[in-house]
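Q: Only the shape, not the letters, is given here:
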């Protein structure tokens, strides 16, 4: 079968079964909207809106964390990267998982014990409130918007491919639909509604991935070695496909780039605001620990399945078809679902394609809801209440501000998402991780564990990490100078790496230390005593 | 109560309610708390250094030891895949070890200090 012929059948299969895809997606939307309205009726005060009333169990929150974390980049992106680059794609899975140990061992429990609603609560705990909250709010919103853009751009790409919508107007309409849904979820349902959407999505994603994994393994009699052998043979790369280096091993620069990416992945997770606020949804630090352990189990199981999804796609699909459908391989997983279901012309293939596509939409919706909630919470709680109103707003005013900022941030995300629909999705997510690792993680760790850390140290590390990470990307090949850049025709790059982490992460830590030791104003040891006792024992935690 | 560091009690800006600053300082300097802190830090910090070093070793091997990583172990399974799966295994193992340590050594100590502080309010 020639590649061209195969591709037309794939495309035909997708658009013929468009009603099925839309029906399944519609079911998900209706079910989640019902839950959102139900959750909204129970959302009365600020703790309900920001933290879902802190009544979720460790297991529920573990599921929701998984749903919040496994984005379109994880599901579609990693499967696609493995399908095209073999082993190098799998390296993402490992970094994304190992990163959870930083959250488990150092961040989740102390954060739960000493904060209320946002990352800024912990960063500003023993510092001057207004400057540090401004910095924490800025960094939260920057990280979340980059992450959000990636998801919105991903939604546009996915829908245009799966529903056959190719016009610019159609893509913008899809981005707007995703944006409006996320505004509805968050403004009405708050954290409670968002959490349920994320839990349902996590179950659907795991079930979908498991089904495809089993169907792939059955084709190889559960012999993984045979699966890998067929993938290597079919890839045209031979054994090289199963070894590191196809994507990142070209030269010294790309190897350094990979090291830089690896650092950002492992250190970024515990600084992602939309992940951090999830720890406030459980009643105790012990429950926060349990939720991270559940998340590690669920996320780990999912990333193990990316081996079957990615190498399965490489083994069972034609490489030319994967590339023709999406140059970055983002549609390899849905195409694989169609193939293992019986092929493009079969009912089984159509049903599985529809199911996996609907799961991918659900994935994007759950993640964008979490991101919007994180940024609007930080805007309302850190910037509006504590900076603009100097801590004098009532709880009703605070929740109202959070709802309105959701609408504003949602509108901004729709606007930017419509403009950014052709941008490199993976690059934006990696940038969000790099900023989180450079600006947020050093400040969180110093705040919790370093007695001398002070306001100037916090400001230098947040702004230093933020500006260096974003600045280096601005002058990297991600933005200009290469055929794959955002601005292909411009050329102002001088920083050779696509990933800034190897410079900006040590810089964030260094500036935090330097700002602290150079400051005239010394840290208050009594405030540190209070933070330390609270963070380790949970005394007085809400 | 005019400094930015200490907003008035009861406002939305107050981080948390509870014991006084003096009580926190005296608890922080107590032997019980020192034991809790030591038990936490002596477990979490070395383990963090260890797993990050192990992860970076793996990244560096992938980058600069392609030949070694490509060595066949059995069938089409090579060293790279085995080491990658080993990263999964160590992650699960560390999560389990920490949960066990926390339940046995940290939770009882933390609960005792918390109960004493909240009772004396």
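A: Looks like it arrived, so ask away. Keep in mind it's a predicted model, so treat the numbers as computed, not measured.
Q: Pass me the low-pLDDT residue ranges in chain B, would you?
A: By pLDDT under 70, the weakly predicted segments of chain B are B:1-17, B:121.
Q: hmm, what's the outermost residue in it?
A: residue B:75 (38.6 Å; CA atoms, centre = their mean).
Q: what's it in contact with, if anything?
A: A:225-226, A:228-229 (CB atoms under 8 Å, 6 or more residues apart in numbering or on different chains). To be clear about C-beta, it is placed using only N, CA and C from the backbone, and glycine gets the same treatment.
Q: Likewise for residue B:55?
A: Taking CB under 8 Å, 6+ apart, we find residue B:55 in contact with A:94-95, A:98, A:262, A:266, B:87.
Q: Those residues in helices, which ones?
A: Taking DSSP state H, the ones among those that sit in helices are A:94-95, A:98, A:262, A:266, B:87.
Q: Residue A:90 contacts residue A:306, correct?
A: Yes - between residue A:90 and residue A:306 there is a contact under CB atoms under 8 Å: 6.8 Å.
Q: Find residues that contact each of the two.
A: A:78, A:82.
Q: now the residue nearest to residue A:126 when sequence neighbours are not counted: how far from residue A:118?
A: Leaving out its chain neighbours, the residue that sits closest to residue A:126 by CB to CB, 6 or more residues apart in numbering or on different chains is residue A:527, at 3.5 Å. Per CB to CB, to the nearest Å, residue A:527 is found 18 Å from residue A:118.
Q: More neighbours: which of the two?
A: For the pair residue A:527 and residue A:118, the greater number of neighbours falls to residue A:118 (28 against 17), based on other CB atoms under 10 Å in any protein chain shown.
Q: list the contacts for that one?
A: A:50, A:136-137, A:140, A:273, A:277, A:377-378, A:381-382.
Q: mind running it again at 7 Å?
A: Neighbour list for residue A:118: A:277, A:377-378, A:381-382 [criterion: CB atoms under 7 Å, 6 or more residues apart in numbering or on different chains].
Q: Using the three-state scheme, assign residue A:337.
A: Three-state assignment for residue A:337 (DSSP: H, G, I helix; E, B strand; the rest coil): helix.
Q: so which helix or strand takes in the nearest residue to residue A:500 once chain neighbours are set aside?
A: Among residues not flanking residue A:500 along the chain, residue A:472 sits closest, at 3.6 Å (CB to CB, 6+ apart). Residue A:472 belongs to helix A:455-474 when assigned by DSSP states H and E.
Q: Report the buried residues of the lengthiest helix in chain B.
A: The single longest helix within chain B, with elements called by DSSP H, is helix B:31-64. Along helix B:31-64, these residues count as buried under the neighbour rule (16 or more other CB atoms under 10 Å in any protein chain shown): B:33, B:36-37, B:39-40, B:43-44, B:47-48, B:51-52, B:54-55, B:58-59, B:61-64.
Q: I'd guessed residue A:248 sits against residue A:254; true?
A: Yes - counting by CB atoms under 7 Å, residue A:248 touches residue A:254, with 5.1 Å between them.
Q: Pick out whichever of these two has more residues nearby.
A: residue A:248 (22 against 16).
Q: Distance-wise, check residue A:195 relative to residue A:64.
A: Residue A:195 sits 5 Å away from residue A:64 when distances are taken as CB to CB.
Q: wait, I meant residue A:199
A: Distance, residue A:199 to residue A:64, by CB to CB: 5 Å.
Q: I'd like the next helix or strand past the helix or strand of chain A with the lowest mean pLDDT.
A: Within chain A, no helix or strand scores below helix A:3-16, which has a mean of 46 by mean pLDDT, DSSP states H and E. Of the helices and strands lying after helix A:3-16 in sequence (DSSP H and E), the nearest is helix A:18-41.
Q: Now find how far off-centre the helix or strand just after that following helix is within its chain.
A: Elements were assigned by DSSP H and E; along the chain past helix A:18-41, the next helix or strand is helix A:46-51. Put simply, helix A:46-51 sits 22 Å off its chain's centre (CA atoms, centre = their mean, to the nearest Å).
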